[in-house]
Each structure stands twice: as C-alpha cells, then as structure tokens.
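Trainee: Sequence first, then the predicted structure:
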Amino acid sequence: MSFGISALGYELGEEIPVLDVAAEYTNDMERVHTYASRYMHRAAPGVGLTDLSYDAVRKALDGAGLDGRQIDLLVLAVTDITEYLYWDAAASLLHRLGADGAEAVLLTQACSSGVAGFDLVAGKFATHPEYRTAVVVAASRVAEPYWNRLETGAGCFSDGAVAAVVQRGHDALRWRAGEITTDGTHVDFFRLEAGGAAAPFGTPEAAAAPRRVGGIENVKEYFANDPEKISAFGTHAREQYRLVVERACKRTGIGFTDLARLLLPFDNQPAMSGLVDALGFPPERTNLALAADFGHLGAADPLFALARETEAGTLRRGDHVALAAVGRGMSWACALFEA
C-alpha cells in the first residue's frame with residue numbers, strides 16, 4: 001500500500017509556564033518540579049476538541065493545496081471524551097470541513113489512537129481503491145471535570161490537535177508499516193467508575209463512585225502499593241514499545257537502530273528519559289527535548305513531533321521515522337514512515 005503524508009498542521013492551546021499555574025491543580029509542588037516540564041498548553045474556555053481539530057485540519061489542507069471537498073476519509077483519534085456524549089465528533093468535524101459524503105471514523109483508545117490511525121488508513125485504501133485522500137487528526141482536549149492536568153498522570157496534560165493529509169501515491173513521508181498489540185490485563189487502569197451504563201449519573205452507584213479519573217495515589221492503590229508490581233508493569237510497558245517498533249522495522253527490512261527518529265509520547269523528563277534509555281535508543285534521535293516545552297498532547301504527541309521535525313527540515317530523503325505510543329486497552333501502536 002503506497003501513500004504518504006503530503007502536509008501537516010497543528011493547533012495548540014495557549015502556552016503557559018507550568019509552575020505559574022501548578023497551584024491551581026495540585027498541592028504537591030515538589031512532584032511538579034521533578035517533572036522538569038517548562039510549559040503546557042491550555043485551550044481557552046469554550047474551545048472544544050473539535051475546534052482545535054478543525055483549525056489543525058484547515059492548516060494541513062492549506063499546506064497540501066486541497067479543500068474539504070477532496071477528503072475521502074477522515075480519521076479522528078481522541079484522548080479524552082469529546083464535547084458531548086452519544087455524539088460522533090468525527091462526523092461533526094467532517095461536516096464543518098464541507099466533506100459530507102466522505103467516510104468518518106472515530107478512534108477512542110486514547111494515546112495510541114493517533115498512531116493507529118495510519119494503519120486504519122492503509123486498510124481503507126486497500127479495500128477502497130477510489131479513496132485518494134485521507135486526513136488523520138489526533139486531538140487532546142482535557143475534560144477538566146473528569147481529569148486533573150497535573151494529578152491524573154505523572155506529567156502535564158495539554159490541549160492541542162495535529163492533522164496529517166495522507167495521499168495515495170505520495171512519495172514523501174511514505175507509510176511503510178504499522179503494528180498494534182493489545183494486552184487487556186490492565187484494561188481498568190484509567191476507568192471512570194461513574195457515568196457509564198453500569199453506574200449512570202444520577203444513580204446511587206454513581207454517587208458513591210469517584211467523579212474523576214484516578215490520580216497517582218489511585219494508580220498506586222491499583223497495584224496494591226506493591227513496588228514489585230509497579231516495576232513489573234513498567235518493564236512490560238517498555239518491552240511492548242520495543243516489540244511493536246521492532247515488528248514494524250522487520251516488515252520494512254531495517255533494524256531498530258537504523259531508525260533516524262523514534263518519536264514517543266511526551267512524558268515528564270525523568271520518565272521519558274527512562275523509557276528512551278530502556279529502549280537502548282540515542283536520546284538525541286528522539287523527541288525527548290521537545291516534550292519539556294509542550295506537555296502531554298495525548299494522541300497527538302508523536303504526530304506533533306513529526307510535524308516539528310518536518311518544519312525544521314531535519315529529515316533527509318530515505319530516513320526512517322517510527323511513531324510509537326500506548327493507550328487505553330492497553331494497546332501499543334507503531335507507524336513507520338520513510339522520508
């Protein structure tokens with residue numbers, strides 16, 4: 001399957017120094033200092049996930065010299081819940097772009113979805129030979145009633161969207177392979193107990209349940225405060241990262257260390273450094289330095305890093321770039337491109 005990325009565009013929330021607003025979210029300033037994150041990006045009130053996505057897509061389409069009517073397939077990958085429940089955010093975005101009549105797909109496996117979207121495009125292009133142009137959008141807009149930007153995970157959550165215009169036969173940033181693996185052992189890791197069909201809002205069951213996705217203390221509780229279990233989980237997660245990337249490299253006929261870039265989810269600096277070290281990959285060929293200035297953009301992280309590499313003109317013809325991420329499920333995904 002031959003297709004490549006012809007243009008990328010992104011839209012971010014306002015850049016805010018992390019330490020200027022940390023007290024709005026947590027009392028544990030010592031922990032925030034350990035993140036070594038300088039900035040995060042926060043959308044203004046009233047700016048939703050599909051607003052960020054729309055602006056990102058418009059920029060990408062302009063970069064490709066196209067308009068919405070030329071879209072055959074739109075894939076929207078989201079980290080958090082969208083503006084409304086029982087609502088198709090992908091269909092709404094497609095309509096706003098003037099692309100009604102094309103196909104819209106919504107992916108909701110959080111941070112892995114933006115990478116997995118390219119595998120979906122490959123399949124759709126294979127089964128729909130008339131499809132010429134697809135758009136993959138990876139977006140994150142923190143739903144603050146349910147998430148805490150600085151306490152839900154071990155990092156700073158940001159708002160932003162990145163869009164890639166994908167065209168059949170395009171020979172730059174050409175998709176070479178995709179890999180996804182899922183392990184449901186920890187499927188309940190970030191489960192929100194209230195609001196679903198098992199405990200709808202307004203019921204006694206929902207009233208007794210936490211109204212926010214669990215923070216760091218809840219994660220420790222999930223593993224029964226057992227350091228060995230937490231360590232084993234971290235080791236397994238790193239091994240799965242390596243697995244999907246190596247499988248994609250094998251399909252392409254290259255070695256893991258032959259990659260020019262390995263673009264990973266933005267995490268706090270110590271955690272991300274630990275992942276890069278465990279993978280045995282040169283940190284200067286990753287997006288480690290970039291992460292400190294943008295916070296965790298969820299599903300958009302690796303694609304945003306690719307957009308920045310493209311802007312900077314650092315990729316040479318023939319370079320192989322791997323985008324890798326993990327999301328709810330838990331699912332690890334890799335998309336491999338050749339510049």
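Mentor: The structure has been received and is ready for your questions. Numbers count the residues shown, from 1 in each chain.
Trainee: Pull the distance from the helix ranked longest in the chain to the chain's centre.
Mentor: Among all segments of the chain classified by DSSP state H, the helix with the greatest residue count is helix 227-252. Offset of helix 227-252 from its chain centre (Cα atoms, centre = their mean, to the nearest Å): 17 Å.
Trainee: Could you name the helices and strands sitting against whichever helix or strand comes after it?
Mentor: Moving toward the C-terminus from helix 227-252, the next helix or strand (DSSP states H and E) is strand 261-263. Judged by 3 or more Cβ pairs under 8 Å, 6 or more residues apart in numbering; DSSP states H and E, the packing partners of strand 261-263 are helix 301-312, strand 320-327. Where C-beta positions appear, they are placed from N, C-alpha and C, glycine not excepted.
Trainee: quick one: buried residues of the longest helix of the chain?
Mentor: Across helix 227-252, burial judged by 16 or more other Cβ atoms under 10 Å covers 233, 237-238, 240-242, 244-245, 247-249, 252.
Trainee: now stretch 100-116
Mentor: Within stretch 100-116, the residues scored as buried using 16+ other Cβ under 10 Å are 102-116.
Trainee: In a markdown table, list the buried residues of helix 227-252 along with pLDDT and distance to Asp159.
Mentor: Shown next, in a markdown table, are these (pLDDT from 0 to 100; distance: Cβ to Cβ, whole Å):
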| residue | pLDDT | distance to Asp159 |
| --- | --- | --- |
| Phe233 | 87 | 28 |
| Ala237 | 91 | 25 |
| Arg238 | 94 | 27 |
| Gln240 | 95 | 27 |
| Tyr241 | 95 | 25 |
| Arg242 | 96 | 30 |
| Val244 | 97 | 27 |
| Val245 | 97 | 28 |
| Arg247 | 97 | 32 |
| Ala248 | 97 | 29 |
| Cys249 | 98 | 32 |
| Thr252 | 96 | 33 |
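Trainee: which of these sit farthest apart?
Mentor: Phe233 and Thr252 (29.5 Å; Cβ to Cβ).
Trainee: show me where the chain has helices.
Mentor: 18-21, 29-35, 49-64, 89-96, 113-127, 204-207, 216-222, 227-252, 269-279, 288-291, 301-312.
Trainee: what's the offset of the last one from the middle of its chain?
Mentor: The chain centroid and the centroid of helix 301-312 are separated by 12 Å, computed with Cα atoms, centre = their mean.
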